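Undergrad: Dropping a prediction and its sequence here:
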Amino acid sequence: MRFFISSLLLLLSTALWAGECDDNLFSMSAYEKKRYSITIKDVLLDLTRDCHLTILFGDKESKKRINEHLDFVNIKGYTFEEFLSFLLNDHNLFYDYDSKKSILTISYQTTKTFNIDYLNLSEMSTKSTKTIQSGSTGATGGTTGTGTTGTGGGGSSKDTTSITASYEFKFWDELKKGVEHILNNTPGAKGMVFINQDAAIVTVRSTYRGMKKAEEYIEHLMRKMHKQVMVEAKLIEVTYNDSNTKGIDWSQFDVSFNGNIVGDKVKDFPSSMAYTFGYNLNMNGLFNFLKKYGKVKVLSSPKILTLNNQPAVINVGNSLSYKFQTGTLTTTQGAGSAQSTFSIGSTFVGLTLQIIPEITDNGDIIMRINPISSEMIATDAAKDASIVREMPPDMKVKQLTSIVKVKDGQKVLIGGLVQETKGGDDKKVPLLGDIPIVGGIFHSSSKTKTRSELFILIIPTIIHEDNVPTIDEAGL
């Protein structure tokens with residue numbers, strides 16, 4: 001059957017020997033006059049005849065796909081590689097051309113392996129849990145009379161409330177889900193994804209369209225993940241001169257001389273409320289302003305380099321150890337005895353600062369900031385370091401979470417972590433102060449209350465690939 005087709009395949013060169021089509025330019029017009037058009041197979045047959053090509057098929061599906069019709073085609077002056085790309089890649093087919101042997105291999109699906117420069121971590125998580133339990137337990141008792149014995153009992157009930165806050169990061173699982181989602185939602189894409197975490201590679205088998213989308217996704221992901229942020233944090237403690245102060249009056253801070261505020265005008269903040277705002281401020285101006293309210297002390301000034309969208313954790317404090325009973329061993333030799341077994345546990349006391357930076361496409365930095373301040377509730381037993389703790393110490397915890405968006409190098413100030421410390425001072429005259437009744441004359445005591453507030457100043461800086469600082473340049 002002959003089709004009425006207006007089709008033209010022009011080789012703008014007269015050389016028709018094998019391999020010489022590499023230097024030719026190709027033009028083609030194909031359109032339907034009635035209801036028929038040429039197919040990819042028709043063009044391949046012309047190339048086989050005119051360019052002396054050998055065509056191989058990598059799978060059965062590729063041999064079916066070349067029967068696809070070409071309609072509304074009008075190209076001019078394509079090189080041989082451009083012509084093959086249009087004919088095959090644009091119609092969801094892979095090809096591999098060996099110019100020395102003049103062999104063209106066509107495949108519908110292929111397999112490609114991507115190197116993923118990332119640590120082999122199946123899960124990195126932080127989790128905090130608080131349990132509140134209340135209930136009552138009944139008692140059992142009995143009365144005994146002549147010939148009768150009675151027992152009275154009670155029941156028990158428990159009410160438990162659990163509060164859990166957790167953060168999980170599962171890179172490899174999310175990577176696989178992302179590639180699979182792309183393959184399942186790209187028209188004409190079929191495929192499978194295999195991940196080897198130990199080798200840090202991802203293998204994808206798919207069609208041309210699916211492979212192209214998966215490759216773009218992985219490359220974009222790696223560009224984002226490999227960006228780095230230098231996070232500098234200054235932990236500043238202000239011990240107020242007035243123990244009854246309500247905190248810093250930020251409306252008195254002269255930003256016209258010390259910097260530009262980001263967002264709304266600074267307002268008064270209650271001392272019981274945590275607050276966060278950003279500045280392009282001068283450090284000396286900030287310290288001079290804080291000194292008006294009391295003694296200023298920089299507790300720590302750590303710097304940490306982290307990858308984009310990865311947590312940076314800074315701990316400043318102490319670890320308190322304690323022992324707890326894990327079980328009882330009973331011996332049956334002789335009279336028998338029971339011995340308790342113990343393990344050592346620890347509790348962190350101080351400040352934990354977790355920061356997750358994310359670099360936007362326009363160069364801004366979005367940070368999730370989560371400072372947790374903990375202190376031990378002072379008791380006589382807790383103060384005495386010579387006493388072995390047999391249970392976790394009671395803790396007072398203050399925590400806040402904030403998400404901010406700042407420019408590269410802009411400062412973020414976090415405050416509101418107020419602490420009150422009560423103490424006392426006893427003075428007496430030696431010997432005379434110990435005399436009963438009259439000793440009080442030679443004895444004096446006073447109580448003190450100190451109020452302090454912890455400020456956290458965070459300065460994130462994007463590290464560019466062509467300008468990675470040395471240790472000396474980073475000030476480490």
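TA: That came in fine, so what should we check first?
Undergrad: Could you list every helix and strand in contact with the lengthiest helix in the chain?
TA: Ranked by residue count, the top helix of the chain under DSSP state H comes out as helix 208-225. Under the contact criterion of 3 or more C-beta pairs under 8 Å, 6 or more residues apart in numbering; DSSP states H and E, helix 208-225 touches strand 110-115, helix 171-185, strand 191-196, strand 201-206. From N, CA and C alone the C-beta is placed, and that goes for glycine too.
Undergrad: and these as JSON lines, adding distance to Leu413?
TA: As requested, those are arranged in JSON lines below (distance: least, C-beta to C-beta, whole Å):
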{"stretch": "strand 110-115", "distance to Leu413": "41"}
{"stretch": "helix 171-185", "distance to Leu413": "32"}
{"stretch": "strand 191-196", "distance to Leu413": "42"}
{"stretch": "strand 201-206", "distance to Leu413": "42"}
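Undergrad: Relative to Leu53, which of those is closest?
TA: The closest of the helices and strands packed on helix 208-225 to Leu53 is strand 110-115. By C-beta to C-beta, the value is 19.9 Å.
Undergrad: CA atoms only: put the closest one into PDB for me.
TA: Output of strand 110-115 as PDB, limited to C-alpha atoms (Å, rounded to 0.1, in the frame of the first residue of the first chain):
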ATOM      1  CA  THR A 110      18.200   2.200  30.100                       C
ATOM      2  CA  THR A 111      19.900   2.100  33.500                       C
ATOM      3  CA  LYS A 112      22.000   4.900  35.000                       C
ATOM      4  CA  THR A 113      23.800   5.200  38.300                       C
ATOM      5  CA  PHE A 114      24.200   8.500  40.200                       C
ATOM      6  CA  ASN A 115      26.800   9.200  42.800                       C
END
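Undergrad: Double-check Thr111 against Arg205; I have them as touching.
TA: Yes: counting by C-beta atoms under 8 Å, Thr111 touches Arg205, with 4.5 Å between them.
Undergrad: Compare the two (neighbour count), which wins?
TA: For Thr111 versus Arg205, the count of surrounding residues by other C-beta atoms under 10 Å is larger for Arg205: 17 against 13.
Undergrad: And the nearest residue to Pro187 once chain neighbours are set aside, how far from Glu216?
TA: Leaving aside its sequence neighbours, Pro187 sits nearest to Arg209 (C-beta to C-beta, 6 or more residues apart in numbering; 7.2 Å). From Arg209 across to Glu216, the span is 11 Å (C-beta to C-beta, to the nearest Å).
Undergrad: For those two, indicate the residue with more neighbours.
TA: More neighbours surround Arg209 than the other of Arg209 and Glu216, with 20 against 11 (other C-beta under 10 Å).
Undergrad: thinking the more buried one is in contact with Asp90, fair?
TA: No: shown here, Arg209 and Asp90 do not form a contact pair, counting by C-beta under 8 Å, at 9.7 Å.
Undergrad: okay, now Lys213: neighbour count?
TA: Using other C-beta under 10 Å: Lys213 sits among 19 other residues.
Undergrad: Tell me, what's the model's pLDDT at Asp23?
TA: pLDDT recorded at Asp23 is 86.
Undergrad: Count the residues that sit near it.
TA: 10.
Undergrad: Where does the residue nearest to Tyr322 when sequence neighbours are not counted sit, in terms of helix or strand?
TA: Distance criterion C-beta to C-beta, 6+ apart; nearest residue to Tyr322, sequence neighbours excluded, is Arg389 at 3.7 Å. Under the criterion DSSP states H and E, no helix or strand holds Arg389.
Undergrad: Roughly how far does Arg389 sit from Thr239?
TA: Taken as C-beta to C-beta, the span from Arg389 to Thr239 is 29 Å.
Undergrad: Show me which strand runs longest in the protein.
TA: strand 337-359 (DSSP state E).
Undergrad: Just the C-alphas of that strand, formatted as CSV.
TA: Listed next in CSV are the C-alpha coordinates belonging to strand 337-359 (Å, rounded to 0.1, in the frame of the first residue of the first chain):
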residue,chain,number,x,y,z
SER,A,337,21.2,-13.0,99.9
ALA,A,338,20.0,-10.3,97.5
GLN,A,339,22.2,-7.8,95.8
SER,A,340,21.0,-4.8,93.7
THR,A,341,22.5,-4.0,90.3
PHE,A,342,23.0,-0.4,89.2
SER,A,343,23.8,1.6,86.0
ILE,A,344,25.1,5.1,85.4
GLY,A,345,23.0,7.7,83.7
SER,A,346,23.6,11.3,82.9
THR,A,347,21.5,14.5,82.4
PHE,A,348,22.7,17.6,80.6
VAL,A,349,22.3,20.9,82.3
GLY,A,350,22.9,24.2,80.5
LEU,A,351,22.0,25.5,77.1
THR,A,352,21.3,23.5,73.9
LEU,A,353,21.0,25.5,70.7
GLN,A,354,19.7,23.8,67.6
ILE,A,355,19.7,25.7,64.3
ILE,A,356,18.6,24.4,60.9
PRO,A,357,19.4,26.9,58.1
GLU,A,358,17.9,26.8,54.6
ILE,A,359,19.3,28.9,51.7
